[in-house]
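>>> Need a 3D model of the sequence below.
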Amino acid sequence: MQVTDLPEPRSFLREVLVECPRCSAMAVVHRADAAPRLTCGACGHVRESNPKALITWWNVRQDGREPIFGLPLWLATECCGREVLWALNEPHLDYLQRFVESIHRDQDFPSPAGNRGLGYKLPKWMQLAKNRDEILAAIQRLRLRLG
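Numbering: from 1, shown residues only. Down below sits the predicted model:
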């Protein structure tokens, strides 16, 4: 794996997959220059948030819900004894899978000097080798939701 193969973690915040509050299909919260906007391709539901609302790593919730509208993330499932494994979108899910599969994380996921990489900000249960198989199985369940 090359360092250049890793996506910029901020890119995971551009589009967040959620459950539509109207029809329960997959909807998308787009982070725009204006207000974040929820759109559902299945039923046409659209909702805009406060223009000052931002999706950032500081306000991402750990409970499997999107931070602006509070909707359930499309890619969330229980794992490892009541823990919530979640991803904001498919590239984020890919990143998590690569991290969990890696046995050389310091080499595969380098971080800038003086800064911890995103992988090391993950909960301890996601970093433990004993949970690897269960987490990877949960990631595969989430991939099935993508269709």
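>>> Give me the below-cutoff pLDDT ranges for this protein.
Low-confidence regions of the chain, defined here as pLDDT under 70, cover residues 1-9, 32-33, 110-120.
>>> Counting neighbours, what do you get for the residue lying closest to residue 72 once chain neighbours are set aside?
Take residue 72 and drop its neighbours on the chain: the residue closest to it by Cβ to Cβ, 6 or more residues apart in numbering is residue 19, 4.5 Å away. All C-beta atoms are positioned from the backbone trio N, CA, C, and that covers glycine. Residues within reach of residue 19, counting by other Cβ atoms under 10 Å, total 19.
>>> can I assume residue 19 is in contact with residue 26?
Yes - contact status for residue 19 versus residue 26: in contact at 7.2 Å, counting by Cβ atoms under 8 Å.
>>> Which residues are in contact with each of these two?
Overlap between the neighbourhoods of residue 19 and residue 26 consists of residue 74, taking contacts as Cβ atoms under 8 Å, 6 or more residues apart in numbering.
>>> Neighbours of residue 13, how many?
Under the neighbour criterion other Cβ under 10 Å, residue 13 is assigned a count of 21.
>>> how far away is it from residue 82?
If you measure residue 13 against residue 82 using Cβ to Cβ, to the nearest Å, the figure is 26 Å.
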